[in-house]
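[1] Whatever this is, show me its structure:
(one chain, ligands or ions: 1)
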Amino acid sequence: MEANTKPKLNLDGIGVTSRRTRERLVAGLEKKGIRNSAVLEVMRATPRHIFIEEAFSHLAYEDRPVNIGYKQTISQPYVVARMTETLLAAGRPERVLEIGSGCGYQTAIIAPLAGEVFSIERIKPLHDTAVANLRLLGIDNVKLIHGDGSLGHAEKSPYDAIIVTAAPLGVPRELLGQLAEGGRMVIPVGGPAGQELRLITRRGDQYLSRMLDHVRFVPLLKGQLRF
Ligand code: SAH
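    Numbering: from 1, shown residues only. Coordinates of the predicted model:
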């Protein structure tokens, strides 16, 4: 019999990627003000190192963004926790739309806390990576879509929660229209000079907007790329 020479991926992690390192990250998030225990538990259980190239494993549980290629990054854990907690503050969302799957980390954090998730990524190799990562983690309530998410995904609207992980200069009108009554959207808005993270809540035809934080996301760009 031929020996299997492929190294087995260590889901649980060892050393700098171990559960203990993850515990330290989560303790740091609590200190920075994250209160939702379900969010903290999912972050404790989710191996962020599998979303990152092995050469950067030592950064997997630092509270900072990390390059994932194609000029994109995996979001900072604190920002992922904050956005997720904000969306969940009105209760468990049944249907969620995410714009900017990247490698799928934010998707993996919100999926266990929601009914179903639709997530759109414009760069095909990143979309493919996200598909593989979520499969590896056994997450099966997510539909990943390769495409331009700036117009949302009208087909499955309305959404109880919309999470945008790339920054437009202004809130796209189409996304507002796809929010359910009482629905919540978290979205970074602004250019290279600075962005604010906003929470937008829909009440009938009214949209309430609240500033949450100053943030720095990659820009929301139009069109889809195959490479
Ligand atoms: N949610 C990711 C963040 C990835 S960075 C995480 O958890 O780490 C943001 C992603 O948004 C990038 O992968 C970028 O390619 C993607 N993006 C930018 N504009 C987009 C658009 N119009 N439609 C879909 N994805 C877009």
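[2] shaky segments in the chain?
    For the chain, the stretches flagged by pLDDT under 70 are 1-9.
[3] and it, which residues reach the ligand?
    Within reach of the ligand by C-beta under 6 Å from any ligand atom, the chain has these residues: 72-75, 80, 99-103, 105-106, 120-123, 126, 148-150, 165-166, 218, 220-222. Where C-beta positions appear, they are placed from N, C-alpha and C, glycine not excepted.
[4] Taking those residues, please make a PyMOL selection of just the buried ones.
    Only the buried entries of the residues of the chain next to the ligand go into this PyMOL selection, using 16 or more other C-beta atoms under 10 Å:
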select buried, resi 72+73+74+75+80+99+100+101+102+103+105+106+120+121+122+123+126+148+149+150+165+166+218+220
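[5] Hmm, Pro219 is touching Thr165, no?
    No - here Pro219 lies out of contact with Thr165, judged by C-beta atoms under 8 Å, at a distance of 11.4 Å.
[6] The nearest residue to Thr107 once chain neighbours are set aside: what's it in contact with?
    Spatial nearest neighbour of Thr107, excluding adjacent residues (C-beta to C-beta, 6 or more residues apart in numbering): Ser119 at 4.9 Å. If a contact means C-beta atoms under 8 Å, 6 or more residues apart in numbering, then Ser119 has Leu97, Glu98, Ile99, Ser101, Gly104, Thr107, Ala130, Val142, Lys143, Leu144, Ile145 as its contacts.
[7] The fourth one: what's it in contact with?
    Spelled out, that is Ser101. Ser101 is in contact with Thr107, Ser119, Ile120, Glu121, Leu126, His127, Ala130, Leu144, counting by C-beta under 8 Å, 6+ apart.
[8] TSV for the residues you listed, including distance to Ala154 and secondary structure?
    What follows is the contacts of Ser101, written out as TSV (distance: C-beta to C-beta, whole Å; DSSP: H, G, I helix; E, B strand; the rest coil):
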residue	distance to Ala154	secondary structure
Thr107	20	helix
Ser119	15	strand
Ile120	12	strand
Glu121	18	strand
Leu126	23	helix
His127	19	helix
Ala130	22	helix
Leu144	17	strand
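[9] Could you dump the residues you listed into a markdown table and include distance to Gly190?
    Putting the contacts of Ser101 into a markdown table (distance: C-beta to C-beta, whole Å) gives the following:
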| residue | distance to Gly190 |
| --- | --- |
| Thr107 | 23 |
| Ser119 | 22 |
| Ile120 | 21 |
| Glu121 | 21 |
| Leu126 | 23 |
| His127 | 25 |
| Ala130 | 25 |
| Leu144 | 27 |
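[10] Grab the most central residue of the protein for me.
    Nearest to the mean C-alpha position of the chain, counting by C-alpha atoms, centre = their mean, stands Gln106 at 2.3 Å.
[11] what about the strands in this protein?
    For the chain, applying DSSP state E gives strands covering 66-69, 72-74, 95-99, 116-121, 142-146, 159-164, 179-191, 194-203, 206-215.
[12] can you list these in JSON lines and add distance to Glu53?
    Formatted as JSON lines, the strands of the chain follow (distance: least, C-beta to C-beta, whole Å):
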{"stretch": "strand 66-69", "distance to Glu53": "7"}
{"stretch": "strand 72-74", "distance to Glu53": "10"}
{"stretch": "strand 95-99", "distance to Glu53": "22"}
{"stretch": "strand 116-121", "distance to Glu53": "17"}
{"stretch": "strand 142-146", "distance to Glu53": "20"}
{"stretch": "strand 159-164", "distance to Glu53": "24"}
{"stretch": "strand 179-191", "distance to Glu53": "24"}
{"stretch": "strand 194-203", "distance to Glu53": "26"}
{"stretch": "strand 206-215", "distance to Glu53": "24"}
